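Engineer: Fold the following and give me the result.
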Amino acid sequence: MRLPKLNQLSRTKEITRLFGGLNRNIDSDEGEWFNQKNMTTDYFPAASPRGKRSVQQIIKAHSIPVEDGSADALPSARGVCCLDNSVFTLRPISKNDSVQGYWLFDGETPICNTEINNGEGVAFLEKAACFNKNSSSFRSCFNMGSYICSFPDGVIFESANNDNAFPLYKIEQEKSFGSDEIEFKTVIEEGNKNYKPVSLSANTYRYNDCVIQKYLEDEALWVNQETFVMIFKKNTTGTFDDFNEGDTVCIDYSSIKNTDPYASIYYKGGIFDKKTKKANVKIIQKGKTGDSSLGIEGLTDYIIVSGFICAIHGRAPEPPYGSYQISETMTGVSVRRKKPEIAFACESQNRIWACSADGHEIYASALGDPYNFYDFSGLSTDSYAVNVGTHGAFTGCVNYLGKPIFFKENALYIINGSYPSNGGEIDGMSYSVSTLTPFCGVEKGSEKSLVVIDNILYYKSASGIVAFDGTNTVVVSDALGKTKYKNAVAGALGGKYYVSMQDEEGTYRLFVYDTGQGTWCEEDETHILQFVNAGSKLLYINADDERIYSVSDENVLNLDDYEKEGDFKWFCETGNLGYSYPNCKYLSRFQIRLQIADGARASFFIQYDSDGVWHRKGEMTGKGIKTHLVPIIPIRCDHMKIRIEGRGDVKLLSISKILEEGGDVQ
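Structural biologist: Predicted structure coming up:
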């Protein structure tokens with residue numbers, strides 16, 4: 001009897017050995033993952049969990065004795081800057097359970113200790129109050145040389161200043177004298193910045209055509225005399241401690257004391273406005289003197305500015321024959337160093353570059369001087385300011401390829417050149433602004449997403465994560481799917497772009513973009529306030545506890561309170577398998593090859609026909625680093641997903657799929 005001949009089913013094998021990153025689109029390729037947590041492409045072509053992190057807890061509490069109680073430092077960080085391998089943090093200071101202000105310190109050296117005396121404790125709190133303690137916005141810290149700058153507060157920490165126990169200063173300073181009498185005395189320089197008062201002899205000096213002139217007897221000629229104004233309050237010290245030589249300050253007054261009602265007051269053109277009684281002047285020198293020739297008996301602080309002030313008796317003939325004096329006493333005087341209302345700032349070309357909160361102006365500080373934004377002396381070292389014409393607020397700024405650039409959501413401004421125009425004369429190196437609009441700019445709320453990697457600028461736009469090469473923009477985040485994200489904060493390490501973003505449901509997610517491979521991975525739900533690079537490592541502030549972490553498990557800062565992360569949960573999940581198979585093929589078996597470290601484990605799950613149910617198919621535990629082959633037999637279905645999850649060091653080396661050809665009906 002002849003038996004019927006059975007046709008053997010056709011079988012084929014597909015092996016996936018190259019595992020990329022995340023791809024939440026329907027057309028994902030073999031080796032890409034539709035969903036994952038705590039995965040990395042560091043071991044490409046294998047798939048693996050990310051490395052362990054560490055807690056770099058540099059926030060320590062120190063008691064500050066003061067006259068009316070004690071003030072404690074709260075253990076939290078509100079801004080981070082790295083300078084000379086030291087990490088400086090902005091730490092809130094509390095007193096009687098109320099936040100008094102903030103302070104910058106390097107985390108290792110205590111700001112103060114129990115030996116500090118009461119006066120210094122009070123001074124410490126006054127310095128901490130330089131910051132706006134009621135501000136809810138997270139502050140940006142960056143360095144300009146040895147200066148550490150915090151904005152939008154406008155606070156400068158002079159890290160190299162060893163003369164002051166609390167080297168923290170506000171850019172904006174004001175000294176008001178109320179009804180106190182302030183002397184404005186015209187002086188001349190007698191070499192080496194030694195100044196003496198101008199003689200009141202009408203035969204020696206005169207006012208003529210908006211200048212002070214000196215009479216040269218030998219030539220019988222009147223010549224213009226360079227003059228200065230010494231400003232002081234008699235017998236006082238510390239009057240101008242908050243100001244520096246080179247500062248441009250605004251001086252105003254309410255009245256001039258005991259001036260002859262018939263006298264006319266003359267100033268050097270521009271030093272005071274006769275209507276507003278204001279002057280914008282540059283401090284040429286500050287110091288202390290007790291020179292009796294100036295009418296000073298005790299040691300007195302003074303500042304010197306360029307210009308003159310004189311009063312001429314109105315009923316007398318014109319000088320040199322009339323009665324006049326070149327000194328005045330004023331009341332209601334205030335001296336103020338101003339700061340623009342700054343939204344965002346960065347360092348570039350040894351200046352602080354900033355943009356206004358109203359979206360209309362861009363500013364630069366004077367060269368090498370973070371304190372002065374209004375120095376317009378006609379020099380190449382001056383401050384700089386320019387208006388912009390586009391609508392909307394600024395959304396971020398960054399130093400890119402040596403140039404400061406400023407973003408709005410739909411515009412980009414690039415500052416070209418090396419210095420302001422000299423005396424109004426523009427040359428090829430003078431600052432100018434290039435405007436690109438419409439442009440895919442930084443999304444509002446994502447100003448901390450700006451990071452430069454291998455000369456390419458990455459940031460979060462309204463369209464997604466963008467790569468900008470100075471000319472063109474390309475969206476690189478299509479693999480993240482259709483979910484909209486916002487409030488991005490980013491950092492960079494080893495060619496990778498780390499970005500924490502908030503999704504549509506309000507959950508923060510940490511993604512990593514490998515710029516070399518062009519692949520994405522999702523790590524976890526860490527909400528990051530700020531990243532900072534410390535040498536070759538990357539640190540970040542966790543919003544949940546405001547402690548400082550490292551993306552590596554090393555003791556980056558070499559501190560005693562270093563903590564290493566333990567084992568964490570990870571998983572990777574494929575997209576739907578089976579859609580692309582023709583001729584009614586179906587998956588009959590999987591073979592998964594893994595390398596599992598000692599103590600690690602991995603579990604395997606399958607979901608059929610998108611029913612939302614994960615069926616457990618086994619678990620493997622490591623007993624040493626070696627490869628394991630895990631066979632998985634699925635049920636017959638239209639399509640399926642595979643999920644691998646576990647803890648510890650596991651590397652996925654390959655997935656083999658055995659395909660069998662079925663009938664027309666499955």
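Engineer: Identify the residue nearest Lys286 in space, chain neighbours excluded?
Structural biologist: The shortest distance from Lys286 to any non-neighbouring residue, by C-beta to C-beta, 6 or more residues apart in numbering, is to Ile303 (4.7 Å). (C-beta placed from N, C-alpha, C; glycine too.)
Engineer: secondary structure element for that neighbour?
Structural biologist: Counting by DSSP states H and E, the element that carries Ile303 is strand 300-306.
Engineer: ok now the helix or strand just after that strand, how far from the chain's centre?
Structural biologist: Moving toward the C-terminus from strand 300-306, the first helix or strand encountered (DSSP H and E) is strand 309-313. Between the mean C-alpha location of strand 309-313 and the chain-wide mean there is a distance of 50 Å, by C-alpha atoms, centre = their mean, to the nearest Å.
Engineer: Which positions in strand 309-313 come out as buried?
Structural biologist: Taking 16 or more other C-beta atoms under 10 Å as the neighbour-count basis, strand 309-313 is seen to contain the buried residues 309-312.
Engineer: In a markdown table: these, plus distance to Ser380 and pLDDT.
Structural biologist: Written out in a markdown table, the entries for these read as follows (distance: C-beta to C-beta, whole Å; pLDDT from 0 to 100):
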| residue | distance to Ser380 | pLDDT |
| --- | --- | --- |
| Ile309 | 30 | 82 |
| Cys310 | 33 | 79 |
| Ala311 | 37 | 74 |
| Ile312 | 38 | 71 |
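Engineer: Nearest to Asn416 among these?
Structural biologist: Ile309 (41.3 Å; C-beta to C-beta).
Engineer: beta partners for the closest one?
Structural biologist: With DSSP bridges as the criterion, the beta-bridge partners of Ile309 are Tyr267.
Engineer: thought it was touching Ile182?
Structural biologist: No - applying C-beta atoms under 8 Å, one finds Ile309 not in contact with Ile182, separated by 11.8 Å.
Engineer: Secondary structure element for Ile642, which one?
Structural biologist: strand 640-647.
Engineer: before we move on, what about Ser150?
Structural biologist: Under the criterion DSSP H and E, the helix or strand holding Ser150 is strand 147-151.
Engineer: Can you list the strands that that strand pairs with?
Structural biologist: Strand 147-151 sits in its sheet next to strand 140-144 (antiparallel), strand 155-158 (antiparallel), going by DSSP bridges.
Engineer: Turn the ones you listed into TSV, columns for mean neighbour count.
Structural biologist: As requested, those are arranged in TSV below (neighbours: other C-beta atoms under 10 Å):
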stretch	mean neighbour count
strand 140-144	20
strand 155-158	22
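Engineer: one step back: and which of the buried residues of strand 309-313 is nearest Lys564?
Structural biologist: Ile309 (67.8 Å).
Engineer: Please report the distance of that closest one from Ser135.
Structural biologist: Separation of Ile309 from Ser135 (C-beta to C-beta, to the nearest Å): 40 Å.
Engineer: how far does the strand holding Ser150 sit from the chain's center?
Structural biologist: For strand 147-151, the distance from its own C-alpha centre to the chain's C-alpha centre is 9 Å (C-alpha atoms, centre = their mean).
Engineer: Residues contacting it, please?
Structural biologist: Contact with strand 147-151 is made by 79, 81, 83, 88, 90, 104, 131, 139-143, 155-159, 342, 344-345, 347, 352, 354, 370, as judged by C-beta atoms under 8 Å, 6 or more residues apart in numbering.
Engineer: one more time with 6 Å, if that's ok
Structural biologist: 81, 88, 139-142, 156-157, 159, 342, 345, 370 (C-beta atoms under 6 Å, 6 or more residues apart in numbering).
Engineer: cool, and stretch 158-172?
Structural biologist: Stretch 158-172 is contacted by residues 124, 127, 130, 146, 148, 154-157, 339, 371 when judged by C-beta under 6 Å, 6+ apart.
Engineer: Any of those residues buried? List them.
Structural biologist: Among these, those that count as buried by neighbour count (16+ other C-beta under 10 Å) are 124, 127, 130, 148, 154-157, 339, 371.
Engineer: Would you mind listing the two of those residues that lie farthest apart?
Structural biologist: Spatially, the most separated pair among the buried ones among the contacts of stretch 158-172 is Phe124 and Lys339, at 22.9 Å (C-beta to C-beta).
Engineer: Name the secondary structure element that contains Val99.
Structural biologist: Here Val99, judged by DSSP H and E, is contained in strand 98-105.
Engineer: thinking again about what came up before, could you dump the strand holding Ile642 to PDB, C-alpha only?
Structural biologist: Written as PDB, here are the backbone C-alpha positions of strand 640-647 (Å, rounded to 0.1, in the frame of the first residue of the first chain):
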ATOM      1  CA  MET A 640       3.300  39.800  18.100                       C
ATOM      2  CA  LYS A 641       5.700  41.800  20.200                       C
ATOM      3  CA  ILE A 642       8.700  40.700  22.300                       C
ATOM      4  CA  ARG A 643       9.700  42.300  25.600                       C
ATOM      5  CA  ILE A 644      12.900  41.600  27.500                       C
ATOM      6  CA  GLU A 645      13.300  43.100  31.000                       C
ATOM      7  CA  GLY A 646      15.500  42.600  33.900                       C
ATOM      8  CA  ARG A 647      18.100  44.000  36.300                       C
END
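Engineer: who does it touch, helix- and strand-wise?
Structural biologist: Helices and strands touching strand 640-647, as assessed by 3 or more C-beta pairs under 6 Å, 6 or more residues apart in numbering; DSSP states H and E, comprise strand 569-573, strand 601-608.
Engineer: Could you find the closest non-adjacent residue to Cys250?
Structural biologist: Of all residues apart from its sequence neighbours, Arg336 sits closest to Cys250 (C-beta to C-beta, 6+ apart), at 4.8 Å.
Engineer: burial of the one you found, as a residue count?
Structural biologist: The number of residues packed around Arg336, counting by other C-beta atoms under 10 Å, is 17.
Engineer: So, low pLDDT: which residues of the stretch 551-666 of the chain?
Structural biologist: Along the stretch 551-666 of the chain, segments meeting pLDDT under 70 span 578-586, 624-627, 661-666.
Engineer: what are the ranges of the strands in it?
Structural biologist: 562-564, 569-573, 585-596, 601-608, 615-621, 626-632, 640-647, 650-661 (DSSP state E, counting those that start in this stretch).
Engineer: Of these, which is nearest Asp209?
Structural biologist: Proximity to Asp209 (C-beta to C-beta) singles out strand 562-564 among the strands of the stretch 551-666 of the chain, at 72.1 Å.
Engineer: partners of the closest one in the sheet?
Structural biologist: Next to strand 562-564 in the sheet, as set by DSSP bridges, lie strand 54-56 (antiparallel).
Engineer: Just checking the distance from the partner strand to the centre of its chain.
Structural biologist: Using C-alpha atoms, centre = their mean, we find the averaged C-alpha position of strand 54-56 to lie 22 Å away from the chain's own average C-alpha position.
Engineer: quick one: contacts of that strand?
Structural biologist: In contact with strand 54-56 (C-beta under 6 Å, 6+ apart) are residues 547-550, 553, 556-557, 563-564.
Engineer: Which members of those residues come out as buried by neighbour count?
Structural biologist: Under a neighbour-count criterion of 16+ other C-beta under 10 Å, the subset of the contacts of strand 54-56 counted as buried comprises 547-550, 556-557.
Engineer: possible to save those as CSV with distance to Tyr458?
Structural biologist: Rendered in CSV, the data for the buried ones among the contacts of strand 54-56 read as follows (distance: C-beta to C-beta, whole Å):
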residue, distance to Tyr458
Arg547, 26
Ile548, 23
Tyr549, 21
Ser550, 21
Val556, 23
Leu557, 26
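Engineer: Report the secondary structure state of the residue nearest to Cys250.
Structural biologist: strand (DSSP: H, G, I helix; E, B strand; the rest coil).
Engineer: any idea how far it lies from Ser255?
Structural biologist: Taken as C-beta to C-beta, the span from Arg336 to Ser255 is 18 Å.
Engineer: Check Gly464 too.
Structural biologist: Here Gly464 is placed at a distance of 61 Å from Ser255 (C-beta to C-beta).
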